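*Asks:* using only what follows, build the 3D model:
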Amino acid sequence: MTREEVMKKIENRVKSCKACQLGNARTNAVPGEGNIYSPIIFVGEGPGEEEDKTGRPFVGRAGKLFDKILESAGFNRQDLYIANIVKCRPPNNRVPLANEVEACSHYLYAQIAAINPKIIVPLGATALKFFLGAKAESITVSRGKLFEWKDEIKIFPMFHPSYLLRNASKAPGSPKALTWEDIRRLKKMYDEFVVERT
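*Replies:* The predicted structure is shown next:
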């Protein structure tokens with residue numbers, strides 16, 4: 001099976017999934033989207049209201065800021081793969097429950113296995129804990145650092161764009177200023193991976 005076929009199969013299963021309560025309340029499942037040959041995958045917590053309406057990740061207010069962050073470093077959204085831990089919106093955008101994560105996480109693991117990225121970027125504390133478990137420190141401490149994960153994949157945590165919406169300052173040392181540093185560093189690594197493959 002080609003990578004495209006594998007990813008399409010995962011997408012179809014996500015769209016028909018009712019393995020937890022979130023599947024019964026959604027408008028649309030949000031499998032993920034982007035370049036399935038990207039060396040980088042961004043992973044958020046779960047879809048919000050706009051994502052639930054459209055079936056696409058990161059398209060609401062936080063998504064628009066996310067696009068600006070990517071563009072500021074010269075990234076094209078289409079060059080990357082973007083997904084969430086849970087594929088359906090938790091009520092009122094609450095943090096996904098442990099049983100919801102457990103019911104859904106095999107889809108994300110399958111996407112990661114199919115894409116085989118060099119770096120996974122967890123956006124925010126929930127995604128960071130998903131990948132690093134008990135070893136995870138706060139997102140404030142962990143952001144901008146590289147962590148070993150598995151199969152030579154590295155974890156590079158960043159602040160979630162919704163956190164940046166609540167912390168608008170661009171002063172040195174602020175979450176927005178640190179995110180600017182992080183995305184530039186990530187772009188440098190991305191460019192090196194692309195050069196390696198050509």
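
*Asks:* all contacts plus neighbour counts: C-alpha atoms, from now on.
*Replies:* Noted.

*Asks:* got the contact list for Tyr81?
*Replies:* With contact set as C-alpha atoms under 8 Å, 6 or more residues apart in numbering, Tyr81 has these partners: 32-36, 38, 40-42.

*Asks:* the closest residue to it other than its chain neighbours and Ser174, how far apart?
*Replies:* Using C-alpha to C-alpha, 6 or more residues apart in numbering and skipping residues adjacent in sequence, the residue nearest Tyr81 is Gly34, 4.2 Å away. Separation of Gly34 from Ser174 (C-alpha to C-alpha, to the nearest Å): 29 Å.

*Asks:* neighbour-wise, which one of the contacts of Tyr81 leads?
*Replies:* Ranked by the number of neighbours (other C-alpha atoms under 10 Å), these place Ile40 first, at 29 neighbours.

*Asks:* list the buried residues of the longest helix anywhere in the chain.
*Replies:* If each helix of the chain is counted by residues according to DSSP state H, the longest one is helix 175-197. Along helix 175-197, the positions that meet the burial threshold by neighbour count (16 or more other C-alpha atoms under 10 Å) are 175-176, 178-180, 182-184, 186-187, 189-190, 193.

*Asks:* count of residues packed around Gly74?
*Replies:* When counting by other C-alpha under 10 Å, one arrives at 12 neighbours for Gly74.

*Asks:* and what of Lys154?
*Replies:* Counted by other C-alpha under 10 Å, the residues lying close to Lys154 total 18.

*Asks:* which residues touch it?
*Replies:* With contacts taken as C-alpha under 8 Å, 6+ apart, Lys154 has the following neighbours: 118-120, 146-148.

*Asks:* leaving out sequence neighbours, find the closest residue to Gly44.
*Replies:* Spatial nearest neighbour of Gly44, chain neighbours left out: Asn84 (4.5 Å); criterion: C-alpha to C-alpha, 6+ apart.

*Asks:* again, but for Ser138
*Replies:* Leaving out its chain neighbours, the residue that sits closest to Ser138 by C-alpha to C-alpha, 6+ apart is Ala125, at 6.7 Å.

*Asks:* what sits against the one you found?
*Replies:* With contact set as C-alpha under 8 Å, 6+ apart, Ala125 has these partners: 138-139, 159-160.

*Asks:* I'd like the distance between it and Cys17.
*Replies:* As for Ala125, its distance to Cys17 is 26 Å (criterion: C-alpha to C-alpha).

*Asks:* relative to Arg56, which of the contacts of Ala125 is nearest.
*Replies:* Ranking the contacts of Ala125 by separation from Arg56, with C-alpha to C-alpha as the measure, puts His160 on top at 16.8 Å.
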